[in-house]
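1. Sequence plus the predicted model coming up.
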Amino acid sequence: MFEKATRMKLRFPHKGQCTVEDLWDLGVTALDGIYKTLRAAQKDQEGDSLLAEHRPDSALALQVEIVRHIVAVKQAEAAEKKAAVDKRAQKERIMELIARKQDEALASKSVEELTALVAGL
């Protein structure tokens, strides 16, 4: 799909024209705008005439698929990033609880036990 797009030198409507490579630098909202523009062009091309012969534009269909793919990849990456952040936060919380439990266990020891621990250091 991407090889075909680069060979065709496809350009996408965004603040003028942008390349396939430029799409990766855009946010999902900008990509959604491009997608809507391309879909509107597809619908205009199809028309509602019974007399006109319909020939789908393969370049336009390819552009729509590329934008759809890039958005899906970006959304998956964002979900993975959020999951990693959530996992890291959960791990930090557990480590804090472990430290608190260790402090409680140490605080519950008698003076003699604490003195013996200090002497052992």
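-> Good, I have the coordinates.
2. what's the spacing between the helix or strand harbouring Ala84 and its chain's center?
-> Per DSSP states H and E: Ala84 is located in helix 58-107. Relative to the chain's own centre, helix 58-107 is displaced by 10 Å; criterion: C-alpha atoms, centre = their mean, to the nearest Å.
3. ok, then the element right after that helix?
-> Defined by DSSP H and E, the subsequent element after helix 58-107 is helix 111-120.
4. Now for Phe12, how many residues are close by?
-> 21 (other C-beta atoms under 10 Å). Glycine gets a C-beta too; all of them are placed from N, C-alpha and C.
5. how near is it to Thr6?
-> 13 Å (C-beta to C-beta, to the nearest Å).
6. overlap in contacts of those two?
-> Residues within reach of Phe12 and of Thr6 at once, by C-beta atoms under 8 Å, 6 or more residues apart in numbering, are Val20.
7. and Ala119, how far is that from Lys109?
-> From Ala119 across to Lys109, the span is 13 Å (C-beta to C-beta).
8. So those two - more neighbours on which side?
-> Neighbour count, other C-beta under 10 Å: between Ala119 and Lys109, Lys109 has more, with 12 against 7.
9. List the residues that contact that one.
-> For Lys109, the contact set (C-beta under 8 Å, 6+ apart) comprises Leu117.
10. How about the contacts made by Asp25?
-> Asp25 neighbours (C-beta under 8 Å, 6+ apart): none.
11. shouldn't Thr19 be in contact with Phe12?
-> Yes - counting by C-beta atoms under 8 Å, Thr19 does reach Phe12; the two are 7.5 Å apart.
12. Tell me which other helices or strands the helix or strand of the chain with the lowest mean pLDDT touches.
-> When the helices and strands of the chain are scored by mean pLDDT, DSSP states H and E, helix 2-7 comes last with a mean of 84. The contact analysis (3 or more C-beta pairs under 8 Å, 6 or more residues apart in numbering; DSSP states H and E) places helix 2-7 against helix 20-23, helix 58-107.
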